[in-house]
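Novice: Next comes the sequence, and after it the predicted model I'd like to discuss.
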Amino acid sequence: MSMIFGVPLAVLAGQLLIGVINGAFYALLSLGLAVIFGLLKIINFAHGAMYMLGAMATVILFDTLGVNYWVALFLAPLLVGAVGVLIEYFLLRRIAGQDHIYSLLLTFGTALLIQGVLTNIYGVSGLRYSMPDLFKGGMNLGFMFLPYYRAWVIVMALVVCFGTWFMIEKTKLGAYLRAGTEDSQLMQGFGINVPLLISLTYGFGIMLAAFAGVLAAPIYSVTPVMGSHILITVFAVVVIGGMGSIGGAIITGILMGVIEGLTKTFYPPASTAVIFLVMVVVLMFRPAGLFGKEA
């Protein structure tokens with residue numbers, strides 16, 4: 001059996017695959033955070049709850065309405081995104097222009113409220129969502145077995161991440177989004193409905209989190225607390241990439257997943273802390289993050 005640094009190749013490849021999958025989720029979630037903070041300057045601590053809502057909505061839609069995975073893949077993010085628009089309209093708009101700490105506390109409280117309500121209804125034991133029949137099984141790559149669904153998650157995450165980056169950075173709509181949040185009075189003078197634009201931007205960032213939740217539903221146990229488990233890690237990824245950097249969130253998310261996977265292979269006790277160690281080192285030498293702009 002082939003060995004690399006004393007580790008069997010199959011074991012190393014398997015951990016790298018897990019790292020890339022985790023990195024895909026980190027990239028999607030941190031991308032949503034980067035969109036919301038980069039364009040709206042809102043520190044969204046409800047992001048983990050929105051990820052959880054995406055997964056829960058998938059299970060609930062299937063159990064109550066019989067909605068299949070393919071419909072849920074588009075319907076669940078839209079529903080959760082609509083929840084995000086309501087949160088921005090009724091709550092966050094009331095503290096617009098205030099210090100960032102207010103949005104942090106408000107979204108953190110909102111996340112606890114959502115998590116508490118769903119915990120009372122469904123408990124914390126976890127709900128299961130069956131793997132779509134199309135993705136059952138996998139392919140033998142010779143040195144490892146690659147499940148079809150894991151490959152699908154990686155491909156979809158990359159497509160959505162690239163599409164979001166392209167829309168914000170390279171299209172007229174993205175230019176409107178950036179201009180509307182930087183100089184709202186000027187954009188309103190040109191007839192742009194800036195408040196609506198802000199609500200839709202926040203909702204879009206929430207949709208990215210919910211989309212990650214839909215992808216996660218067939219892999220992980222779906223519980224009301226699943227978002228809180230990943231939120232702090234995702235915030236660390238965003239800080240490493242640079243708060244508000246769209247490209248930085250994508251690249252850093254995937255990179256941190258791979259680093260985490262390699263750490264599990266060579267020194268498992270450090271795997272839960274390695275991302276935070278990287279964050280500390282980056283902040284020491286580049287406080288704005290790897291891809292962030294200096295103030």
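Specialist: Good, I have the coordinates. What you are looking at is a predicted structure, and each value in this text was computed from that prediction instead of being measured.
Novice: mind checking how far stretch 271-290 is from the chain centre?
Specialist: 19 Å (CA atoms, centre = their mean, to the nearest Å).
Novice: in the stretch 51-200 of the chain, which spans are strands?
Specialist: Applying DSSP state E, counting those that start in this stretch to the stretch 51-200 of the chain gives strands spanning 138-140, 145-147.
Novice: any idea how far Tyr220 is from Ala55?
Specialist: In this view, Tyr220 and Ala55 are 8 Å apart by CB to CB, to the nearest Å. In short, each C-beta sits where N, CA and C put it, glycine included.
Novice: Just want to know which of the two has more residues nearby.
Specialist: Shown here are Tyr220 and Ala55; by other CB atoms under 10 Å, Ala55 has more neighbours (30 against 17).
Novice: That one: what's it in contact with?
Specialist: By CB atoms under 8 Å, 6 or more residues apart in numbering, the contact list for Ala55 reads 129, 213-214, 216-217, 220, 222, 226.
Novice: Who wins on neighbours among the residues you listed?
Specialist: That'd be Gly213 among those, by other CB under 10 Å, with 30 neighbours.
Novice: Secondary structure element holding it?
Specialist: Using DSSP states H and E, the element containing Gly213 is helix 194-216.
Novice: what's that helix packed up against?
Specialist: Here helix 194-216 touches helix 9-40, helix 47-65, helix 69-90, helix 148-170, helix 172-182, helix 184-189, going by 3 or more CB pairs under 8 Å, 6 or more residues apart in numbering; DSSP states H and E.
Novice: buried residues in that helix?
Specialist: By neighbour count on 16 or more other CB atoms under 10 Å, the buried set for helix 194-216 is 194, 197-216.
Novice: now that helix: how far from the chain's centre is it?
Specialist: 10 Å.
Novice: List the buried residues in the very next helix or strand once past that helix.
Specialist: For helix 194-216, the following helix or strand on the C-terminal side (DSSP H and E) is helix 226-241. Neighbour counts over helix 226-241 (16+ other CB under 10 Å) mark 226-228, 230-231, 233-241 as buried.
Novice: Tell me the spacing between Gly289 and Lys136.
Specialist: Distance from Gly289 to Lys136, by CB to CB: 40 Å.
Novice: what do you get for Gly203?
Specialist: Between Gly203 and Lys136 the distance is 33 Å, computed by CB to CB.
Novice: which regions of this protein lie under the pLDDT threshold?
Specialist: Scanning the chain with the threshold set as pLDDT under 70 gives 1-7, 143, 180-188, 190, 294-295.
Novice: buried sites along stretch 124-141?
Specialist: 127, 129, 131-132, 135.
Novice: Including distance to Leu255, could these go into CSV?
Specialist: Formatted as CSV, the buried residues of stretch 124-141 follow (distance: CB to CB, whole Å):
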residue, distance to Leu255
Leu127, 31
Tyr129, 29
Met131, 28
Pro132, 29
Phe135, 26
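Novice: What about Leu29, how many residues nearby?
Specialist: Leu29, neighbours per other CB under 10 Å, totals 31.
Novice: so what's it closest to, chain neighbours aside?
Specialist: Leaving aside its sequence neighbours, Leu29 sits nearest to Val234 (CB to CB, 6 or more residues apart in numbering; 4.4 Å).
Novice: Might one say that the one you found is in contact with Leu33?
Specialist: Yes. Taking CB atoms under 8 Å as the definition, Val234 is a contact partner of Leu33 at 6.5 Å.
Novice: what's the overlap in contacts for these two?
Specialist: With CB under 8 Å, 6+ apart as the test, Val234 and Leu33 both reach His47.
Novice: where's Val278 relative to Thr272, distance?
Specialist: Distance of Val278 to Thr272, computed by CB to CB: 13 Å.
Novice: Give me the more crowded residue out of these two.
Specialist: In terms of neighbours (other CB under 10 Å), Val278 is the more surrounded of Val278 and Thr272; the figures are 20 against 12.
Novice: where does that one land in three-state SS?
Specialist: Under DSSP: H, G, I helix; E, B strand; the rest coil, Val278 falls in the helix class.
Novice: Disregarding residues adjacent in the polypeptide, which is nearest to it?
Specialist: Ile240 (6.0 Å).
Novice: so who does that neighbour touch?
Specialist: 252, 256, 275, 278-279, 282, 289-290.
Novice: mind checking the SS state of Val258?
Specialist: Under three-state DSSP, Val258 comes out as helix.
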